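Enquirer: Provide a 3D model corresponding to the input given below.
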Amino acid sequence: MEAVVDQQVKLARIANVVTVQFDVSHPEYTRLIESVGRFRFQQWRTANMNMSNTLKAQTWIEAQDELAWHWLSSVEGQVIASARLSIHNSLSDLPEGELYKGLDDLYPQKIASFNRLIVDEGYRGLGVAANLVQCRIEQAAYLGAKSIALDCPQHRVKAMQQVGFETVKAPQVGTKCPDIMWYPMRKLL
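Expert: Here you go, the predicted structure:
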């Protein structure tokens, strides 16, 4: 019964989710990206992720962040999710470009890259990730992308297939998070 009550409380709180979309031109960029970086670090440290690629201690902020669009979702001021979208002219420019070697013909240019989606464990299964995926699909189309590249962990493959992504290659170890097998996926726009 306690789990049901917890779920009902989370569902009630999820109605109050505030999602901010921003890029480097946003006047609050520094504050927002640092919030995202701390959130990524906290979440991925709990999952024992390798965080050797970070630019700043106790955060997961990468050089790629300055070239990307971001989404930060919060409830009552507490960050519960974040995601990133970047636009590229070549698969080799992607954060995990090595995963896409030999696949250039499958991705018409401009290529949107979806990455760094993370949802607080207490808010998973409530549609937060689905909302961030949809926001990024819409923004990619608005920015003129013709395809979307996504390196996806196994537990997210089915959800991404449900919104039109397809697996294009067998899973591989990534360079930034080598403890995870990543499925290269695509969606044509």
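
Enquirer: how near is residue 182 to residue 169?
Expert: Distance of residue 182 to residue 169, given as C-beta to C-beta, to the nearest Å: 9 Å. Every residue, glycine included, has its C-beta placed from N, CA and C.

Enquirer: for the chain, which residue is closest to the average position?
Expert: Nearest to the mean C-alpha position of the chain, counting by C-alpha atoms, centre = their mean, stands residue 117 at 2.4 Å.

Enquirer: What residues are bridge-paired with the nearest residue to that residue once chain neighbours are set aside?
Expert: Using C-beta to C-beta, 6 or more residues apart in numbering and skipping the chain neighbours, the partner closest in space to residue 117 is residue 83 (4.3 Å). Going by DSSP bridges, residue 83 is paired in beta bridges with residue 71.

Enquirer: how about the strands in this protein?
Expert: Using DSSP state E, the strands found in the chain span residues 18-22, 68-75, 78-88, 111-119, 147-153, 166-167, 172-173, 181-188.

Enquirer: how about the ones you listed in JSON lines, adding distance to residue 62?
Expert: Output for the strands of the chain, formatted as JSON lines (distance: least, C-beta to C-beta, whole Å):
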{"stretch": "strand 18-22", "distance to residue 62": "16"}
{"stretch": "strand 68-75", "distance to residue 62": "9"}
{"stretch": "strand 78-88", "distance to residue 62": "9"}
{"stretch": "strand 111-119", "distance to residue 62": "8"}
{"stretch": "strand 147-153", "distance to residue 62": "14"}
{"stretch": "strand 166-167", "distance to residue 62": "25"}
{"stretch": "strand 172-173", "distance to residue 62": "18"}
{"stretch": "strand 181-188", "distance to residue 62": "16"}
